[in-house]
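Asks: predicted coordinates and the sequence they were generated for:
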Amino acid sequence: MIYRFRRFIRDLTPPRLLSLGFLAVILIGSVLLAMPVSWNPGQHVHFLDALFVSCSAVCVTGLTTVPPGDTFNLFGRTVLGVLIQIGGLGVAALSVMITLIMGRKIGLKARQVLSTAMNFTGVGGLINFLKILLRFTLIYEVTGAILCFFVFVRDYPPLEAAGYALFHSVSAFNNAGFDIFGGYDSLLHYAHNVPLNLITMALVIIGGFGFFAMWDMGHCKFRWKKYTLNTKIVIVMTVLLLVLGTALLYWTTDQTLLEASFQSVIARTAGFNTHPLSNFTEAALLIFTVLMFIGANPGGTGGGIKTTTFFAVAMKAVSSTMNGDRDEVFYRKIPNVVFTQALTVFFYGLTVITIGTILILAFEGDLSLSAVLVEVTSAFATVGSTVGITPGLCPASKIVLMICMFIGRLGPLTIATVLAFKGKSEAHFTEESIMIG
């Protein structure tokens with residue numbers, strides 16, 4: 001039996017093994033959260049809700065059907081925090097880290113899975129990069145927790161404030177958006193607390209910035225000319241989306257500049273809230289939805305189709321309408337395969353959101369299109385922002401959102417690879433053009 005299981009695992013492709021790893025963690029987390037040992041006195045959590053919360057935590061989304069602070073005790077919150085950390089770093093990264101701690105060697109299969117999970121080219125230097133990543137994560141989460149402690153200690157006893165600070169730091173850095181303050185208010189009570197807003201924004205930006213880009217910036221000693229093309233695009237897109245998002249949200253809502261800036265950061269893809277989305281105008285909801293869909297940078301803890309994907313699609317659209325059709329930026333030419341991958345991710349992302357929105361609208365006849373579109377996009381982009389409809393959804397709608405979260409966390413290309421069954425064929429058909437536009 002053990003031999004068959006090992007053979008089954010050995011024969012799995014890295015994307016399928018990675019998917020099974022995430023599913024296993026989600027199921028284990030749901031069992032733990034569904035046990036009375038995780039609940040506050042007087043609370044009861046149905047298994048579907050436990051499964052939903054576990055899926056949301058591992059997929060670092062933040063959508064929840066029960067208020068975590070009111071529902072779960074210290075043990076349950078610890079389980080939730082661990083699931084968020086596993087989801088942020090990735091199941092493959094965590095398993096490799098445990099193997100390293102135990103002093104064992106990392107096999108080729110584990111390196112391939114880790115490369116798939118982190119979108120790392122090749123396997124050389126991967127373990128050293130992982131060690132740097134773990135140190136980097138620990139430093140920023142501990143620093144964030146210490147800074148948050150001085151904010152929360154004003155409202156809670158020191159030991160309780162330390163727990164809130166650590167959970168909030170882990171949740172923010174991993175772009176999860178979970179909070180344990182009680183209710184569904186998120187950070188509404190701290191909307192005008194400048195230090196906590198700035199700390200949270202910094203953790204979200206750093207976590208979603210992309211570990212490869214951060215490493216490249218440090219390795220090149222912050223000299224622009226030496227950055228890779230990926231890092232340059234990441235920096236430009238991050239600044240552009242943050243500034244543009246802040247300006248548009250400030251213009252289309254009654255938010256303060258601090259609130260608009262916070263929401264612009266959170267849309268990429270953390271899910272905290274200092275201004276209720278239910279109070280947003282339709283224009284602001286559309287802007288927020290677009291920001292969620294684009295998401296964070298590749299190689300980070302955020303979701304969405306990623307900034308580089310959107311950049312590649314936009315660049316190809318612009319360059320194809322200009323003379324020469326030259327796909328060049330920052331004195332570099334982008335390979336055609338990159339545009340093919342970008343368009344594939346873009347298409348599958350839109351497809352998942354469209355199908356998810358249609359299904360939930362069919363299941364929930366009394367909900368508006370804008371509310372459902374925000375919810376589904378938030379799930380797919382692993383944001384966690386909501387207009388408040390999640391707890392009241394029917395079981396079928398909750399399952400749809402869980403599927404969207406799972407696909408969004410692993411990535412449309414990974415899921416497509418998992419489901420693909422390629423057959424060998426030497427036949428090629430005659431090429432023929434079609435009319436476009």
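Replies: Structure's in. What do you need?

Asks: chain neighbours aside, what residue packs nearest to residue 46?
Replies: Residue nearest to residue 46 in three dimensions, not counting chain neighbours: residue 34, with 7.7 Å by C-beta to C-beta, 6 or more residues apart in numbering. (C-beta placed from N, C-alpha, C; glycine too.)

Asks: wait, residue 38
Replies: Of all residues not flanking residue 38 in the chain, residue 76 sits nearest, at 3.3 Å (C-beta to C-beta, 6+ apart).

Asks: how about the helix or strand hosting the one you found: buried residues?
Replies: In the assignment (DSSP states H and E), residue 76 maps to helix 74-89. Across helix 74-89, burial judged by 16 or more other C-beta atoms under 10 Å covers 76-77, 79-89.

Asks: try stretch 290-303
Replies: Buried residues in stretch 290-303 (16+ other C-beta under 10 Å): 291-303.

Asks: just list the residues touching the residue nearest to residue 46, thanks.
Replies: Neighbouring residues of residue 34 by C-beta atoms under 8 Å, 6 or more residues apart in numbering: 45-47, 50-51.

Asks: nearest to residue 276, of those?
Replies: The nearest member of those to residue 276, counting by C-beta to C-beta, is residue 45 at 25.1 Å.

Asks: what's the burial count for that closest one?
Replies: 22 (other C-beta atoms under 10 Å).

Asks: repeat for residue 358
Replies: Residue 358 sits with 13 neighbouring residues when counted by other C-beta under 10 Å.

Asks: cool, and residue 132?
Replies: 15.

Asks: check residue 268 too.
Replies: Neighbours of residue 268 (other C-beta under 10 Å): 28.

Asks: swap in residue 387?
Replies: When neighbours are counted by other C-beta under 10 Å, residue 387 registers 20.

Asks: for it, list the residues it contacts.
Replies: Counted by C-beta under 8 Å, 6+ apart, residue 387 has contacts 277-278, 285, 371, 374-375.

Asks: also residue 70?
Replies: 40, 43, 182-183.

Asks: where along the stretch 151-300 of the chain do the strands fall?
Replies: In the stretch 151-300 of the chain, no strands are defined using DSSP state E, counting those that start in this stretch.

Asks: and the helices in it?
Replies: Per DSSP state H, counting those that start in this stretch, the stretch 151-300 of the chain carries helices over the ranges 158-173, 194-209, 211-219, 229-252, 257-266, 282-294.

Asks: of all the buried residues of helix 74-89, the one with the weakest confidence?
Replies: Among the buried residues of helix 74-89, residue 89 carries the weakest pLDDT, at 78.

Asks: so that one makes contact with residue 137?
Replies: Yes: the pair residue 89 and residue 137 qualifies as a contact (C-beta atoms under 8 Å) at a distance of 6.7 Å.

Asks: and the contacts of residue 34 as a markdown table, adding pLDDT and distance to residue 24?
Replies: Shown next, in a markdown table, are the contacts of residue 34 (pLDDT from 0 to 100; distance: C-beta to C-beta, whole Å):
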| residue | pLDDT | distance to residue 24 |
| --- | --- | --- |
| 45 | 93 | 20 |
| 46 | 94 | 21 |
| 47 | 95 | 16 |
| 50 | 96 | 15 |
| 51 | 96 | 13 |
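
Asks: quick one: buried ones out of those residues?
Replies: By neighbour count, with 16+ other C-beta under 10 Å, the contacts of residue 34 hold 45, 50-51 as buried.

Asks: low-confidence stretches in the stretch 1-150 of the chain?
Replies: Applying pLDDT under 70 to the stretch 1-150 of the chain picks out residues 1-15, 91-126.

Asks: which residues in it form helices?
Replies: Counting by DSSP H, counting those that start in this stretch, the stretch 1-150 of the chain has helices at residues 2-11, 14-33, 47-58, 68-71, 74-89, 91-101, 108-118, 126-152.

Asks: next, the buried residues of the second one.
Replies: Meaning helix 14-33. Across helix 14-33, burial judged by 16+ other C-beta under 10 Å covers 14-19, 21-22, 25-26, 29-30, 32-33.

Asks: again with the fourth one
Replies: Buried positions in helix 68-71, judged by neighbour count with 16+ other C-beta under 10 Å: 68-69, 71.

Asks: dump that helix to PDB, keeping only the CA atoms.
Replies: C-alpha atoms of helix 68-71 as PDB (Å, rounded to 0.1, in the frame of the first residue of the first chain):
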ATOM      1  CA  PRO A  68     -13.300  34.700  13.200                       C
ATOM      2  CA  GLY A  69     -12.800  36.900  16.300                       C
ATOM      3  CA  ASP A  70     -16.200  36.000  17.700                       C
ATOM      4  CA  THR A  71     -16.200  32.400  16.600                       C
END
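
Asks: could you verify my assumption that residue 30 touches residue 58?
Replies: No: the pair residue 30 / residue 58 is not scored as a contact, 9.5 Å apart, by C-beta under 8 Å.

Asks: in this structure residue 230 contacts residue 215, no?
Replies: No: with contact defined as C-beta under 8 Å, residue 230 does not count as touching residue 215 (11.2 Å).

Asks: just to revisit the earlier point, could you export the buried residues of helix 74-89 as JSON lines, including distance to residue 188?
Replies: Shown next, in JSON lines, are the buried residues of helix 74-89 (distance: C-beta to C-beta, whole Å):
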{"residue": "76", "distance to residue 188": "23"}
{"residue": "77", "distance to residue 188": "20"}
{"residue": "79", "distance to residue 188": "25"}
{"residue": "80", "distance to residue 188": "20"}
{"residue": "81", "distance to residue 188": "22"}
{"residue": "82", "distance to residue 188": "26"}
{"residue": "83", "distance to residue 188": "24"}
{"residue": "84", "distance to residue 188": "21"}
{"residue": "85", "distance to residue 188": "25"}
{"residue": "86", "distance to residue 188": "28"}
{"residue": "87", "distance to residue 188": "25"}
{"residue": "88", "distance to residue 188": "24"}
{"residue": "89", "distance to residue 188": "29"}
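
Asks: wait, which of the residues you listed is closest to residue 246?
Replies: Closest approach to residue 246 among the buried residues of helix 74-89 (C-beta to C-beta): residue 88, at 25.0 Å.

Asks: quick one: that closest one and residue 59 touch, right?
Replies: No: look at residue 88 against residue 59 with C-beta under 8 Å: they stay out of range, at 10.0 Å.

Asks: ok, now which ones touch the residue nearest to residue 38?
Replies: Counted by C-beta under 8 Å, 6+ apart, residue 76 has contacts 32-33, 37-40, 68.

Asks: hmm, 10 Å instead?
Replies: 32-33, 35-40, 43, 45, 50, 53, 68, 180 (C-beta atoms under 10 Å, 6 or more residues apart in numbering).
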